[in-house]
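J.: all I have is the shape, not the residue letters:
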């Protein structure tokens, strides 16, 4: 008699893209580490995956190379666009000039916290910048 064994695919298609079955880890997430020249053991530890799962990802990438590469590049472009968009928003909303050194920003925030602890009216960082001589940092 022969026993029938079910073959369970290790990579499944999901709305997020091809993923390791039973996880939310896409092959593109694994590709980030692989492109970053991280070794197999590191990738397995960080992603909490097995050798078999990592091999399945590598095999899937090899079998679908053009499609995977095209989608990965699209994901990278979109990520960069979003990063630039949110950086711009952060810069617009920040009370500090973009070229102000981090230590000066921290000092202004410490001053604001000290005022709040004293119970005085908290000073808006923008008003600190206006009242102090921080205009030299403005572009």
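T.: Alright, I've got the coordinates. All values reported here derive from a predicted model rather than from experimental measurement.
J.: could I get the buried residue list for the longest helix along the chain?
T.: Identified as the longest helix of the chain according to DSSP state H is helix 65-93. Residues 68, 71-72, 75 are the ones in helix 65-93 that count as buried (16 or more other Cβ atoms under 10 Å). No exception for glycine: its C-beta is placed from N, CA and C like everyone else's.
J.: dump those residues into JSON lines; add pLDDT and distance to residue 23 as well.
T.: Formatted as JSON lines, the buried residues of helix 65-93 follow (pLDDT from 0 to 100; distance: Cβ to Cβ, whole Å):
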{"residue": "68", "pLDDT": "95", "distance to residue 23": "18"}
{"residue": "71", "pLDDT": "95", "distance to residue 23": "18"}
{"residue": "72", "pLDDT": "96", "distance to residue 23": "18"}
{"residue": "75", "pLDDT": "94", "distance to residue 23": "18"}
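J.: closest one of those to residue 58?
T.: Of all these, residue 68 has the smallest distance to residue 58: 10.9 Å, by Cβ to Cβ.
J.: ok, back up a step: could you dump the buried residues of helix 65-93 to CSV with distance to residue 44?
T.: Formatted as CSV, the buried residues of helix 65-93 follow (distance: Cβ to Cβ, whole Å):
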residue, distance to residue 44
68, 20
71, 23
72, 20
75, 22
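J.: related to what we said a few turns ago, tell me the helix or strand right after the longest helix of the chain.
T.: Helices and strands here follow DSSP states H and E; after helix 65-93, the next one along the chain is helix 102-118.
J.: and that next one, what does it pack onto?
T.: Using 3 or more Cβ pairs under 8 Å, 6 or more residues apart in numbering; DSSP states H and E as the contact test, the elements touching helix 102-118 are helix 125-131.
J.: pLDDT (mean, whole number) over the helix it packs on?
T.: Averaged over helix 125-131, pLDDT sits at 56.
J.: repeat for stretch 35-43
T.: On average, stretch 35-43 scores 94.
J.: and the helix or strand encompassing residue 57 with helix 65-93, angle?
T.: Per DSSP H and E: residue 57 is located in helix 51-63. With axes from the mean of the first three to the mean of the last three Cα atoms, to 10 degrees as the basis, helix 51-63 and helix 65-93 are set at 100 degrees to each other.
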